[in-house]
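> heads up, no residue letters with this:
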């Protein structure tokens, strides 16, 4: 069974631009969560989607948004990029109906903002 | 809001020895899950072990076991017979049951190095 796939793996953007990251969950998983990982702030929860609906949201500004498609694939978008958005963005999937908490993570998308 | 604290930024252990990683948490919830995740240098996070708060028995997965002290809000991870492949960043994480969905609160991590 294929794992969680995130694309792109690496990308470089400049301040003010916007970026879209993609996550394909494990087949059959309906929940997709996004986390931002930085050396200073550690791992912080961004949002979670289940059956195309945002089920949970972390404390990030509105520049961070996401969506989930009917095939459970998810995208997150960051608009008006700032230097502080440089981070590893991790996607995790789970079966999702109840919060068992057993998440399966992708390898992440490394975003560098110049 | 929940908080998770890992007070050991770095630890090292000799191969085949035992090491214990500490984690404390703060919550007002009575029912929740606790986890240890491992992030090797390749960056993919992997679940090591999971504990449900309403279960008094400590979880065990092969060489990995936890010491869960609910009253003290402590959740340490013991790795027995350490192997070179255990070298990784280890994150303690909390998830409350109320509110539904998957939303983990992570600690800052402990970098474990297993040495020959």
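The structure has been received and is ready for your questions. Since we're looking at a predicted model, the values are computed, not measured.
> check which helix or strand covers residue B:33.
Assigned by DSSP states H and E, residue B:33 belongs to strand B:32-39.
> and that strand, average pLDDT?
Here strand B:32-39 scores 94 as its mean pLDDT.
> same question, stretch B:108-116
Here the average pLDDT along stretch B:108-116 is 96.
> Now do it: distance to the chain's middle.
Centroid displacement of stretch B:108-116 relative to its chain, using Cα atoms, centre = their mean, to the nearest Å, is 13 Å.
> re the thing from before, just after the strand holding residue B:33, pick out the following helix or strand.
strand B:46-52.
> So what angle separates the directions of that next one and strand B:32-39?
Per axes from the mean of the first three to the mean of the last three Cα atoms, to 10 degrees, the angle that strand B:46-52 makes with strand B:32-39 is 160 degrees.
> list the helices and strands the helix or strand where residue B:25 lies packs on?
Element membership of residue B:25, judged by DSSP H and E, is strand B:24-26. Applying 3 or more Cβ pairs under 8 Å, 6 or more residues apart in numbering or on different chains; DSSP states H and E, one finds that strand B:24-26 contacts strand B:3-5, strand B:74-79. Placement of C-beta: from N, CA and C, glycine included.
> ok, and what's touching that strand?
By Cβ atoms under 8 Å, 6 or more residues apart in numbering or on different chains, the residues outside strand B:24-26 that reach it are B:2-5, B:7, B:34, B:72-75, B:92, B:94.
> Distance to residue B:65 added to those residues, as CSV?
Shown next, in CSV, are these (distance: Cβ to Cβ, whole Å):
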residue, distance to residue B:65
B:2, 23
B:3, 24
B:4, 19
B:5, 20
B:7, 20
B:34, 13
B:72, 17
B:73, 18
B:74, 14
B:75, 11
B:92, 14
B:94, 19
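> what's the closest of those residues to residue B:109?
If you rank the contacts of strand B:24-26 by distance to residue B:109 using Cβ to Cβ, residue B:92 comes first, at 8.2 Å.
> ok, the nearest residue to that closest one once chain neighbours are set aside to chain A distance?
Of all residues not flanking residue B:92 in the chain, residue B:23 sits nearest, at 3.4 Å (Cβ to Cβ, 6 or more residues apart in numbering or on different chains). Remark: distance between residue B:23 and chain A (Cβ to the nearest Cβ, to the nearest Å) = 13 Å.
> burial measure for residue B:23, as a count.
Residues near residue B:23, counting by other Cβ atoms under 10 Å in any protein chain shown, number 27.
> Cool, thanks, signing off.
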